[in-house]
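Visitor: Okay, predicted coordinates and the sequence, questions at the end:
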Amino acid sequence: MTVTDLIVVGAGPAGSSAAIFASRLGIDVIILEKQRKGRDKFCGGGITYGVEKLMVEKIGKEVSESIELRIDGVVVFSPSGRELVLKFSEELKKFGGLVRRSVFDSKLMEIAESEGAELREKREVVKVRTEKDEVVVTTRDGEELRSSYLVVATGSEDKIGEQLGIPPLGKEGMGGCWGTEVKFDVEEIKNEWKKKWGLVPIFLFFGPVPSGYAWIFPKREFLNIGIGTTLSHFRYHEERFTSFLRKAAGIGVIPETNFKHDRAATIPFGKVPRSKTYSEEGRALLVGDAAGFVHPVTGEGIYGAIRGSLIAARVVKVAMDKEDPSQLRRYEERWWSEFGEDTLGYGKKIAKLLYGSSFMMEMGVKVVMCDKEASRRLGLLLAHYDSEVSRKMYERISGLNLVGLALKSLRSPKRAEFEVIP
């Protein structure tokens, strides 16, 4: 029977990062991944300024090797078709870009292995239990492994935490996304975007779904096209996808509409984070999507995955050194203080204002178009420039004279353009 200090279940960004940070603290780590290196996960693949900067500082410059395309900003469309063009300053172009998840995730796994973690592929964990001062993990093929502590990084549909008595996210805390990532002549379409908008951006569309948004993200030789929303609005996804493609083609973002959605994924969305992200009795911490660390407005989860995993590794180290599993209680205090209040607390306040209805999405975009500072703060939020972006955005929009802006927005232009400077 294999015995180690820490078992990490799942080798996505959260799991691999936790293994990297723990290994650097002198902890013996085994990662159990149910698939193989190179497996894909459907998501937009956007790496924000804040994510890449954090990874370069805490993991290493080699993570940037997986960035396929740097972008110049964001184009946001309201439900009626108004365009908000946010051009990133040179500072905001230093970090951030687009990745293919199969490449990005593999890079983090490789770094984890180079730091000394042992990656075991095709090892799906089906059962966990505790015996005295150990966690016993059983894989689908019947193998048993023991460790002092456990990090659960199995995604939004996690079942391992439930076995340890942690309530799941549930339908109210879940969302879904569907779409495709296809080979495409990106160089040609980039030239068209430069002519029309003056930059190579990512595109965000409000309106295709009642709560959430649609996107088009370019990669080096691929286009990533998708829609994300709550599970309650996941019906009629084929019709919504087709309608969205027609709209995007009509605006000139894409030249055709014959794309087919061929992949989907669940994400934490709505009532996040998970009601509890640790189990003292189970000697376990939850990270990434399993913990619900996803921004309620953008659906971006890699920032919380990296930040949470760094905290998790440090908390496990303290618990090991003190031989005291009660130290795991510090985990929630720390992640809430370091990024939770901003990302999840203020993020939910903004989401509540924005995603109430299609009318609120339209008004939200129009109001921001009429306020230069609100546009700047929105750009910084989308870039996740620092650890206070959500608070600053909420304080701006909640402190505005909304009646005056609403009246002004009646005459808002079809298109507004702002430079986003930190």
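Guide: Received the coordinates, thanks.

Visitor: Next up, phi/psi of I59, please.
Guide: Backbone geometry at I59, expressed as degrees, to the nearest 10, gives phi -110, psi -50.

Visitor: Would you check that it makes contact with S23?
Guide: No - contact between I59 and S23 fails when scored by CB atoms under 8 Å: they sit 11.4 Å apart. Bear in mind the C-beta positions are built from the backbone N, C-alpha and C, glycine included.

Visitor: Give me the spatial nearest neighbour of the residue nearest the centre of the chain, chain neighbours excluded.
Guide: For the chain, the residue nearest the mean C-alpha position is G301 (1.9 Å; CA atoms, centre = their mean). Leaving aside its sequence neighbours, G301 sits nearest to V294 (CB to CB, 6 or more residues apart in numbering; 4.0 Å).

Visitor: Run a quick check on that neighbour versus G308, I expect a contact.
Guide: No - with contact defined as CB under 8 Å, V294 does not count as touching G308 (10.9 Å).

Visitor: about what we covered before: show the pLDDT at the residue nearest to the centre of the chain.
Guide: G301 is assigned a predicted lDDT (pLDDT) of 97.

Visitor: next one: M1
Guide: 69.

Visitor: who touches V294 in this structure?
Guide: Residues counted as contacts of V294 (CB atoms under 8 Å, 6 or more residues apart in numbering) are I267, P268, F269, V272, E300, G301, G304.

Visitor: scratch that, L354
Guide: V297, M360, M361, G364.

Visitor: any chance of those residues in TSV, with pLDDT, neighbour count and secondary structure too?
Guide: Shown next, in TSV, are the contacts of L354 (pLDDT from 0 to 100; neighbours: other CB atoms under 10 Å; DSSP: H, G, I helix; E, B strand; the rest coil):
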residue	pLDDT	neighbour count	secondary structure
V297	97	25	coil
M360	90	15	helix
M361	95	24	helix
G364	91	23	helix
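
Visitor: Show me which pair in the residues you listed is furthest apart.
Guide: V297 and M360 (12.7 Å; CB to CB).

Visitor: show me where pLDDT drops low in the stretch 151-300 of the chain?
Guide: Within the stretch 151-300 of the chain, no range satisfies pLDDT under 70.

Visitor: G170: neighbouring residues, count only.
Guide: By other CB atoms under 10 Å, the residues close to G170 number 12.

Visitor: right, I mislabeled it, should have said R314
Guide: Counted by other CB under 10 Å, the residues lying close to R314 total 16.

Visitor: Work out for me the element it sits within.
Guide: R314 is part of helix 302-322, with elements assigned from DSSP states H and E.

Visitor: List the buried residues in that helix.
Guide: 302-317, 319-320 (16 or more other CB atoms under 10 Å).

Visitor: Equivalent analysis for stretch 261-279, please.
Guide: 261, 265-274, 277-279.

Visitor: likewise stretch 178-197?
Guide: By neighbour count with 16+ other CB under 10 Å, stretch 178-197 contains the buried residues W178, G179, T180, E181, F184, V186, I189, K190, W193, W197.

Visitor: Look up how far T2 lies from D289.
Guide: As judged by CB to CB, to the nearest Å, D289 and T2 stand 26 Å apart.

Visitor: try E172
Guide: In terms of CB to CB, E172 sits 38 Å off from T2.

Visitor: returning to what we had before: nearest to K159, of the contacts of V294?
Guide: For those, the nearest to K159 is P268 (14.8 Å; CB to CB).

Visitor: Quick check: that closest one touching G292?
Guide: Yes - using CB under 8 Å, P268 is in contact with G292, at 4.1 Å.

Visitor: Okay, helices next: where are they in the stretch 1-150 of the chain?
Guide: Here the stretch 1-150 of the chain has its helices, by DSSP state H, counting those that start in this stretch, at 13-24, 49-58, 101-114.

Visitor: Could you list every helix and strand in contact with the second one?
Guide: It stands for helix 49-58. For helix 49-58, the elements it packs on are helix 302-322, judged by 3 or more CB pairs under 8 Å, 6 or more residues apart in numbering; DSSP states H and E.

Visitor: what angle do the helix it packs on and helix 101-114 make?
Guide: Here helix 302-322 runs at an angle of 20 degrees relative to helix 101-114 (axes from the mean of the first three to the mean of the last three CA atoms, to 10 degrees).

Visitor: Distance from helix 302-322 to the middle of the chain?
Guide: Remark: helix 302-322 is offset 18 Å from the chain centroid, using CA atoms, centre = their mean, to the nearest Å.

Visitor: Check stretch 222-232 too.
Guide: The answer for stretch 222-232 is 13 Å, by CA atoms, centre = their mean.

Visitor: Can you point out the buried residues in it?
Guide: Neighbour count says stretch 222-232 has F222, L223, N224, I225, G226, I227, G228, T229, T230, L231 buried, by 16+ other CB under 10 Å.

Visitor: Out of those, which is nearest to A19?
Guide: For these, the nearest to A19 is N224 (26.7 Å; CB to CB).

Visitor: Spell out, range by range, the strands that occur in the stretch 251-400 of the chain.
Guide: 263-268, 278-279, 284-286 (DSSP state E, counting those that start in this stretch).

Visitor: Those strands into TSV, with extra columns for distance to V420?
Guide: TSV is the format used below for the strands of the stretch 251-400 of the chain (distance: least, CB to CB, whole Å):
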stretch	distance to V420
strand 263-268	26
strand 278-279	37
strand 284-286	34
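
Visitor: nearest to E419, of those strands?
Guide: Taking those one by one with CB to CB, strand 263-268 is closest: 30.9 Å.

Visitor: how about the closest one as CSV, C-alpha atoms only?
Guide: Provided in CSV are the C-alpha atoms of strand 263-268 (Å, rounded to 0.1, in the frame of the first residue of the first chain):
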residue,chain,number,x,y,z
ARG,A,263,-18.7,19.9,-26.1
ALA,A,264,-20.0,21.1,-22.7
ALA,A,265,-19.0,21.4,-19.1
THR,A,266,-20.5,22.3,-15.8
ILE,A,267,-19.1,25.2,-13.7
PRO,A,268,-19.9,26.7,-10.3
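
Visitor: what's next to it, contact-wise?
Guide: Looking at what lies outside strand 263-268 - CB under 8 Å, 6+ apart - the contacts are 40-43, 155-157, 169, 173-181, 228, 231, 237, 274, 289, 292-294, 299, 301.

Visitor: mind listing which of those are in helices?
Guide: H237 (DSSP state H).
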